[in-house]
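Q: Structure of the sequence below:
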Amino acid sequence: MTEMITIATAELDSLKERLRKLTRDTSRLQVAAELINRLSEVPGLDNVVETILQLLLESIGCGAISLYYPVGDELWVADLHGGRRCLEEADDPLVRQVLVTRCFQQSPVTKTKRGLTAPDPREFSIWAQPLLVGPELVGVLRLEGVLYDNGEPLEHLSSFFNYAALVIKNEITGYSVFREAYDELRTANEELVREMVERRRVEESLRLTQFAVDRASDIIFWIDVEGRLFYVNELAVRLLGYSRAELTGMTVGVVAFVFPDNVWPLFWQKIRKQGAVTRETRFRTKDGSEFPVEVTINYLQLENNEYAIASARDISRRKHEERQLALAYERARTELRAAAEMQKHLLPPPAAIRGFRFAWCYIPCCFVAGDVFNYFQLDETHLAFYLIDVAGHGVSAAMLSFTLSTILSPRNGQLRRLIPRQPGYEIIPPLEVVAELNRQFQSGLDVASYFTMTYGLIDLTAHYLTLVQAGSPHPLLITGSQVEKIGCGGPPVGLLDGMTYEEITIPFAPGDRLILCSDGVTECTDRNGDFFPQDLLKQLLCEGADRPLSELMELVEDELRRWRGRDDYDDDVTILCLQREEV
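A: As a prediction, the model looks like this:
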């Protein structure tokens, strides 16, 4: 049976009044301690004076505040507006009284409401507060428009006034011994206030934490140094199938595979050092079933005791989605591999056609590439070739490159047109071919659907080569041991409507070589981000001038890999080389 305790009404009222006074005194002590703390961080006499005035304005809301303080034989006064004056004598009667008596002075002012004088326990007053260090007066605070209750002065600011006096004296005289002594007192007061506030905060926080943790959407464990559970929340009880009493005292290794009892001491040292550790593991329920979780364990030290707080989230759904994503990714990779193989089969093999030999180097940066090239015989007197680099990478670029290879097929009407005379057709000049492609690809819907290209035509009877360069790197003409850049530049195809292009026609003698490449070659970067030097490319072409085209391509490819420093590239690398064979 619970024993009832009876307290007399008078004693209960006394306890309540003491509690209210204790609460009020604590609050006031906190205000004073805060003012002292802020003032302690201010250096210099002028700054100290300004800060004292500002702090009093913030804390008690005066209408006007002035500080009178002697410096040597001079009397100075400072106000809230930053003004400072040197006076021959105090210009306020209350201040003069304080300078003589060294005691607090006040002059109450009766409030007038609607033109009538009415008694009011709350009055506005003018104060003159001495700032004393022992018997020595170091300043006088004049506070006008102070509002207080029932004539009760703000005694809780006495410690602040005393500290302000010490600071002013310290700044004026240069002595620090008084400051150090008062700092100790201030620190002790602050520590007392902090302890009281912190204890109340912790108690309230614990109540809120307990409520939140019990109803958390994750499993929560509190674990001691030995790995035993001493608290579990409601979700842990529900998902694991144990009662709270069964889980309490159980080692964490019983339910979590990643924390077996024999490795817990080592794991404890790890979380103590790192502060927090996150792992994926599986939890075992009471009936033996399992489910995946992601566990985060945080180290906590409280009042010389060590704890670990484990938060575990059921990730069964996430794992299922990850498996589905992995399957989808693998299917996509399989399809991309098939597309890459198909794209490779579309590339022409190295070949010799009507006295011209073709070879190439092709390294896609992804499964499928946006670079495409081809060479073929248009009729008995013409060979055609091109190299196209579609903007972007991957599937979208590859689809556009496939479309372009279809359009530029010798069986398509894009390269020849019908005429009413024999032989019934004529070869369309490269300039018109490129201009027509630029017109066709002005969709205006996709700014990435443009491409660079070089398209050329070889006249087998006159042995002239005609080509148009549209945004691609300049072709390189190798004549003997000389390497020369040719072409007129030109804008990319499909970028802007109405663009004009230029074509050049050059003789192509036996032994001459022409090199076309995509910007994956000219903009190939090394580990420092530097581009592949054009002079080095020309040097390689000169060194390999006497080698077969296939060996020349291998030489350039090897040097590109050496420059890159690894096997992957940021862009597709394509080089097309053609040579007129010696007679």
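
Q: Domain parsing of the protein, as residue ranges.
A: What automatic domain parsing lists as the domains of the chain is 9-112+119-192, 215-314, 347-580.

Q: Deepest-packed of those, please.
A: domain 347-580 (a mean of 17; mean count of other C-beta atoms under 10 Å). Using the backbone N, CA and C atoms, a C-beta is placed for each residue, glycine as well.

Q: Distance from the chain centre to that one, please.
A: Its chain's C-alpha centre and that of domain 347-580 lie 42 Å apart, by C-alpha atoms, centre = their mean, to the nearest Å.

Q: got a list of what the nearest residue to residue 285 once chain neighbours are set aside touches?
A: Using C-beta to C-beta, 6 or more residues apart in numbering and skipping residues adjacent in sequence, the residue nearest residue 285 is residue 241, 4.6 Å away. Neighbour list for residue 241: 285, 286, 287 [criterion: C-beta atoms under 8 Å, 6 or more residues apart in numbering].

Q: any idea how far the nearest residue to residue 450 once chain neighbours are set aside lies from residue 294?
A: Distances taken as C-beta to C-beta, 6+ apart place residue 494 nearest to residue 450, at 3.8 Å, with adjacent residues excluded. Distance, residue 494 to residue 294, by C-beta to C-beta, to the nearest Å: 48 Å.

Q: Quickly find the element holding residue 86.
A: Per DSSP states H and E: residue 86 is located in strand 84-87.

Q: Sorry, slip of the keys, the one I care about is residue 267.
A: Per DSSP H and E, residue 267 falls inside helix 264-274.

Q: quick one, the helix or strand just after that helix and helix 264-274 angle?
A: Later in the chain than helix 264-274, the nearest helix or strand by DSSP H and E is strand 276-284. Interaxial angle of strand 276-284 relative to helix 264-274 (axes from the mean of the first three to the mean of the last three C-alpha atoms, to 10 degrees): 150 degrees.

Q: would residue 432 count as being in a helix?
A: Yes - assigned with DSSP: H, G, I helix; E, B strand; the rest coil, residue 432 falls within a helix.

Q: pretty sure residue 236 is touching residue 219, no?
A: Yes - counting by C-beta atoms under 8 Å, residue 219 is a contact partner of residue 236 at 4.4 Å.

Q: any shared contact partners between those two?
A: By C-beta under 8 Å, 6+ apart, residue 236 and residue 219 have these common neighbours: residue 312.

Q: What strand or helix carries residue 37?
A: According to DSSP H and E, residue 37 maps onto helix 9-40.

Q: to the chain's geometric centre, what's the distance from the helix or strand that residue 198 is a member of?
A: Secondary structure from DSSP H and E places residue 198 in helix 177-214. Put simply, helix 177-214 sits 35 Å off its chain's centre (C-alpha atoms, centre = their mean).

Q: Give me the sheet partners of the next helix or strand after it and which way each runs.
A: Next along the chain after helix 177-214, taking DSSP H and E as the criterion, comes strand 219-223. Partners of strand 219-223 in the sheet, by DSSP bridges, are strand 229-232 (antiparallel), strand 305-314 (antiparallel).

Q: Which strands or helices does the following helix or strand past the last one pack on?
A: When you say that, I think you mean strand 305-314. The first helix or strand that comes after strand 305-314 along the chain, using DSSP H and E, is helix 316-346. Packing contacts for helix 316-346, counted by 3 or more C-beta pairs under 8 Å, 6 or more residues apart in numbering; DSSP states H and E, involve strand 290-302, helix 394-407.

Q: give the contact list for residue 476.
A: With contacts defined as C-beta under 8 Å, 6+ apart, the neighbours of residue 476 are 483, 484, 485, 486, 514, 515, 537, 538, 541.

Q: Make CSV from the residues you listed and add pLDDT, distance to residue 389 and secondary structure to it.
A: Output for the contacts of residue 476, formatted as CSV (pLDDT from 0 to 100; distance: C-beta to C-beta, whole Å; DSSP: H, G, I helix; E, B strand; the rest coil):
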residue, pLDDT, distance to residue 389, secondary structure
483, 92, 21, strand
484, 93, 22, strand
485, 93, 18, strand
486, 93, 18, coil
514, 96, 17, strand
515, 95, 15, strand
537, 90, 17, helix
538, 90, 21, helix
541, 90, 20, helix
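
Q: Which one of the residues you listed is nearest to residue 64?
A: Of all the contacts of residue 476, residue 537 has the smallest distance to residue 64: 82.8 Å, by C-beta to C-beta.

Q: wait, isn't that closest one in contact with residue 556?
A: Yes - between residue 537 and residue 556 there is a contact at 7.2 Å, judged by C-beta under 8 Å.

Q: Overlap in contacts, those two.
A: Counting by C-beta under 8 Å, 6+ apart, nothing touches both residue 537 and residue 556.

Q: if we can go back for a sec, now the next helix or strand after the helix holding residue 37 and helix 9-40, what's the angle there?
A: Counting by DSSP H and E, the element after helix 9-40 in chain order, helix or strand, is helix 45-60. Between helix 45-60 and helix 9-40, the angle comes out at 150 degrees (the same axes, to 10 degrees).

Q: what's the following helix or strand after helix 45-60?
A: Going down the chain from helix 45-60, the next helix or strand is strand 64-71, by DSSP H and E.

Q: chain center to that next one, what's the gap?
A: Relative to the centre of its chain, strand 64-71 is centred 51 Å away, using C-alpha atoms, centre = their mean.

Q: Give me the contacts around that strand.
A: Residues contacting strand 64-71 (C-beta under 8 Å, 6+ apart): 45, 49, 52-53, 56-57, 75-80, 87, 90, 92, 95, 99, 131, 137-145, 168, 172.

Q: That strand - which strands sit beside it in the sheet, and in what orientation?
A: strand 74-79 (antiparallel), strand 136-149 (antiparallel).

Q: Is it correct that residue 467 is in contact with residue 508?
A: No - at 10.4 Å, residue 467 and residue 508 do not qualify as touching, with contact defined as C-beta under 8 Å.

Q: name the helices or strands packed onto the strand holding residue 86?
A: Contacts defined by 3+ C-beta pairs under 8 Å, 6+ apart place strand 84-87 against strand 74-79.

Q: per-residue confidence averaged over the strand it packs on?
A: Averaged across strand 74-79, the pLDDT comes to 88.

Q: next one: stretch 546-561
A: Regarding stretch 546-561, the rounded mean pLDDT is 92.

Q: cool, stretch 36-47 as well?
A: Stretch 36-47 comes out with an average pLDDT of 80.

Q: now the end-to-end length of it.
A: 14 Å (C-alpha to C-alpha, to the nearest Å).

Q: still on that earlier bit, and the residue nearest to residue 285, what are its phi and psi?
A: The phi/psi pair for residue 241 (degrees, to the nearest 10) reads phi 80, psi 0.

Q: Roughly how far does it sit from residue 286?
A: According to C-beta to C-beta, residue 241 stands 4 Å off from residue 286.

Q: What of residue 269?
A: Going from residue 269 to residue 286 by C-beta to C-beta gives 30 Å.

Q: Now tell me what touches stretch 267-285 from outside.
A: Contacts with stretch 267-285, where a contact means C-beta under 8 Å, 6+ apart, come from 219, 225, 227, 239-241, 254-259, 290-299, 306, 308, 312, 315.

Q: for it, how far is the first residue from the last?
A: For stretch 267-285, the first-to-last residue distance is 22 Å (C-alpha to C-alpha).

Q: Let me see the mean pLDDT of it.
A: The predicted model gives stretch 267-285 an average pLDDT of 89.

Q: can you give me how far it is from the chain middle?
A: Distance, centroid of stretch 267-285 to centroid of chain: 27 Å (C-alpha atoms, centre = their mean).

Q: Low-confidence bits of this structure, can you list those?
A: Residue ranges of the chain with pLDDT under 70: 1-8, 24-25, 28, 61, 108-124, 146-156, 174-183, 443-448, 583.
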